[in-house]
Every structure is written in C-alpha cells, then in structure tokens.
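> Got a sequence here, can you model it:
(chains A and B)
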Amino acid sequence: MLGDSAANELRMKATNLMEKFHYFEDVVSLELDTDKCIGCGLCTIVCPHGVFSITEKHKARMVARNQCMECGACMRNCPVEAITVEAGEGCVRGVINELLGIEGPCC
Amino acid sequence: MSAPSADKAMAFLPMAKKVPTEAGEFQLPSIDQPFVQGTVATSVGPVPQVRTELTRQDVHGHYLVRWNIGRDHFTVEPGLYAVGRPDAYSSVLVGANYKMSFDLLRQALTCRDCWLLILDTKGINVWCAAGKGTFGTEEMIDRIKASRLDAVVNHHQLIVPQLGAPGLAAHEVKKYSGFRITYGPISLKDLPEFLDNGLQATPVMRKKTFPLRERIVLVPVEFMQGLKQGIPLMLFFFLMAGLAGKGSFTEAALVHGLPPALAVLIGIISGTVLTPLFLPRLPGRAFSFKGAIAGFSLFVLLFTAAGPLTHGYSYLEQVSWLLLTLAVSSWLGMAFTGASTFTSLNGVKKEMLRAMPLQFCSLVAGIICWGIALRMS
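Alright, predicted model coming up:
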C-alpha cells in the first residue's frame, strides 16, 4: 500500500492532469436527490471523474459536477435511484447515427 | 440464491429486451482457439486454460486493429476461461470479448490462478460496450448462468472493471444471479496491485485520465477514418479541376486540383493527428475549435514554407484552400470527442449545434471560392 503522503501526491497529480481536460461548464444533465441518498458510496467508486464524495452526514455530494461525462455509471448502480442523468456517449458519430436512425458503431 | 427464469428477468429489468431462447443454456468456450493451452477440469466440464504471454500473432493483430484493419471482427468466444490452475476459491474476473481487451487482461494476470468470465460484447471494448449496454446486466446474468459459475466456484464475488459500470446495475446482478460485484481499477496496469491489496483500489486507480501515450495509440484509427471521409473530397477536386480547368486534364488537375486536395489532407492531419496529440495544449474547450486552431497553424506553416509555389494563384483560390482546411480540421477535431475520455453527450450535442453550421459554411464557401477562381483562371 502507498503511504498517505505519496498517495496524496499522486492524487494531486491526477487532479492537475485532468484539469487540462475540461469540457464545457454547466451542460450536463446530472442530478442528485439527496433525500433519497443512503450514503452507500457506490457512486464515488464507479465515477471515473471523481464527481461525487460522501459528506460527514453520510450523504453523497457532487463536488465536481462539470467533470461529469454522462456515462451513467452512478445512475445505473445507485440502489435507491437517487441519481438521474441523461446517459449516453459523448461522441459525434454516435449522435449522428442516432439522428439518422443507424445502428452504427461509435468506437 | 438461484438464478431466476428468463421471464422473471424480463419483467423486472427495465432495460430488458426479448431474451433469446438459447440464453442461459450451458456453454463453455471452444478449446480450439490459438491462445488456449489446455483445460482445467471442473464439475461442469473442461474449462479452456489460456496462455498469459502474448505471441507474435497476438501482437501483430493488435497492430492491425490499431490501424483500423479487421477491427470489427477481432473477437474471442465469450464464456468461462481459466488462468493458471484456479479452484473453487479462486477469483472470477469479468471482461469483454474484444480480443485486444482479452489479451491485455490475460497478460496482466501472469503467474496467477483465477477464472475469467468473458461477456459477449460483440467485439467491443469494456467501456464502449458498457455505454451501449452490451456489457450489461442481462448479458452478465445470462453468462453466469450459461457458464454454470455457481457450480464452478463456491463464492459469490465477481471482479468487474470499473469502466464496465455504465452498463451494469450491481444490485440487479446480485438480485438475479446471487453474485456480488466488486469494481476493480480502471487501468489493467493497476490490476495486480488491486488484487494483491485485498481488492482495494486507491483513488488514483478510480480516475480516468487521458495521457499522451493513450492519445497516441488512437491516432492511426482516427487518421484512417479521416482519410476515408477525405479521399472522396480530394478526388472531387482533381476531377473537377481536370474537367473544368484550362489545358490538358492532367495539367489542370495538378495545377488546380492538387492544392485543394492538399488543403483537405492538411485538415485531416490537423484534426486526427495534431488535435489528439496536443489536446491539452490547444486553446478552447470545444474540440471543433481546437481542431480549427490546429488546422490554421499547420496551414500557415506549410503555406509559408511553400513560398513561391503559391505565387500565381489568385487570393480567392488561396482563401478557398484555407476554408477547406478549417472545415475539415474542425470537423475531424470534433469527431475526436468520440475517442476522448471526458466529453459528455449533452456537451457534444451543444458543440455540434454550434460548430456544424460553421463547418458546413466553411466547406461550401471553400468549394464556391475555388470554383469561381477556377473559372476566372
């Protein structure tokens, strides 16, 4: 296991790295219903962009909403349906195929 | 907990489609696959045992698909495989049947004993398949049942790549199959450490980054796809210039057809090579803007370098080349959103609504300017 300081340093590095990869602000459809949340923390595990964290009151909180890529992992895995997001692939080819009604490959 | 009937799954799963009649029927993958080196006897039959070292053929296949060759049929048979000599207590790792993913997974498990449950994702990698739902809850439940996994192992734990989560509902898999999902790290390079640490992932292992080495491997596929779109346009310019220009067909095609074709090529290189490579360095957040900036820069660089070669062309014709480069580089730069790891569906829709009219106008204006210049020459 990594020591705390080493792990923190790595975390900082990863965060700095991702800050260079920012898409638009305030476009994502991610919503969290804190009343429904049971604080299981699965959303913090499945999210690939660290959007969620668990507060001291054992509730999920969106700490980096603009980093959300609408993959839908949090919504699918939330056992109490506290998260909603218009999930899909952020892919031009995918959007065009959908518009044209083609079952084409995206990636 | 026993596996539910197909009908029951259909009634409860919101995303459930019609369950194919063969779903859940007992099936083990064929041993007649090049990476199978033997079998491991189990209560349900001989399970194919896979090699963990990659052969030259494996690596050659990876190279080809990186160049977009045979990428649609690069698959392995789905089902249960063994790595090393696993027993009823060994871990079960879940993967996709894209051969690249499968190969890198078995390679990462060198010197370990475990089971691999390979889902039928139609030859698509875990993350993309999860986005489409083929790496999903239903397939997982079916595959567990078809592989008689509950008879092979005496625990109920599956290790699933974190990037498979968009297609899975862990609680539903548990409810219908009895198997509990533990999400592993994003990257295979972290898998050994994750397994050695008692299935604990550090926060860093859970974050998807997009470093240069990951962007570089995407370049060939992007470039080939860009060429596929750009070549008809390039041929159009040669043909039109040859037919409508002064002098012989060949001469006119070269004098007036070659420059716009090169402009398109500059656009392709800017959008599919420079944009991925310099992604974090290019200004702006919109990929279409990044692509256009890359296109503009390369165009100016090469136009300046070409020097006297560009003399003798009207300003109108020169402007037409720039417009073509900008249209193509911006469009292909935007297409890279599909391969990037952080763009959202709604973000891409917003970008497309804004950028596509401009890209279209730039392309049409480029063709019109070029046509007028051709008539006037």
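> starting at the chain centroid, how far to the helix or strand B:Gln359 falls within?
Assigned by DSSP states H and E, B:Gln359 belongs to helix B:345-376. Helix B:345-376 sits 27 Å away from the centroid of its parent chain (C-alpha atoms, centre = their mean, to the nearest Å).
> How about stretch A:74-87?
Worked out by C-alpha atoms, centre = their mean, stretch A:74-87 lies 10 Å from the chain centre.
> burial measure for B:Phe303, as a count.
18 (other C-beta atoms under 10 Å in any protein chain shown). Just so you know, the C-beta spots here come from the backbone N, C-alpha and C atoms, and that holds for glycine as well.
> Could you measure from it over to chain A?
Distance of B:Phe303 to chain A, given as C-beta to the nearest C-beta, to the nearest Å: 28 Å.
> How about B:Gly312?
Counting by C-beta to the nearest C-beta - B:Gly312 and chain A are separated by 38 Å.
> Now name the helix or strand holding that residue.
Using DSSP H and E, B:Gly312 maps to neither a helix nor a strand.
> ok, and the closest non-adjacent residue to the spatially most central residue of chain B?
Nearest to the mean C-alpha position of chain B, counting by C-alpha atoms, centre = their mean, stands B:Ala339 at 6.0 Å. Nearest in space to B:Ala339, with sequence neighbours left out and distances taken as C-beta to C-beta, 6 or more residues apart in numbering or on different chains, is B:Leu218 at 4.9 Å.
> And the residue in the stretch 1-150 of chain B that chain A sits nearest to, which helix or strand is it part of?
As assessed by C-beta to the nearest C-beta, chain A sits closest to B:Cys128 within the stretch 1-150 of chain B, at 4.0 Å. Using DSSP H and E, B:Cys128 maps to helix B:126-132.
> where exactly do the helices run in the stretch 251-377 of chain B?
Ranges of helices in the stretch 251-377 of chain B, per DSSP state H, counting those that start in this stretch, are B:258-269, B:275-277, B:287-306, B:315-335, B:345-376.
> May I see these arranged in CSV, with mean pLDDT as well?
Listed next are these as CSV, based on pLDDT from 0 to 100:
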stretch, mean pLDDT
helix B:258-269, 97
helix B:275-277, 98
helix B:287-306, 97
helix B:315-335, 97
helix B:345-376, 96
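> Adding distance to B:Leu243, write those out as a markdown table.
Converted to a markdown table, the helices of the stretch 251-377 of chain B look like this (distance: least, C-beta to C-beta, whole Å):
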| stretch | distance to B:Leu243 |
| --- | --- |
| helix B:258-269 | 14 |
| helix B:275-277 | 34 |
| helix B:287-306 | 25 |
| helix B:315-335 | 17 |
| helix B:345-376 | 10 |
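> How about the residue in chain B sticking out farthest from the centre: what's its closest non-neighbour residue?
Here the centre of chain B is the reference, and by C-alpha atoms, centre = their mean the most remote residue is B:Gly247, at 46.4 Å. If the residues on either side of it in the chain are set aside, B:Gly247 comes closest to B:Val255, at 7.6 Å by C-beta to C-beta, 6+ apart.
> Report pLDDT for that neighbour.
B:Val255 is assigned 94 on the pLDDT scale.
> cool, and A:Asp35?
Note for A:Asp35: predicted pLDDT of 96.
> can you tell me which residues contact it?
By C-beta atoms under 8 Å, 6 or more residues apart in numbering or on different chains, A:Asp35 lies in contact with A:Ala82.
> so it, which of the three states?
At A:Asp35 the chain is in coil, as set by DSSP: H, G, I helix; E, B strand; the rest coil.
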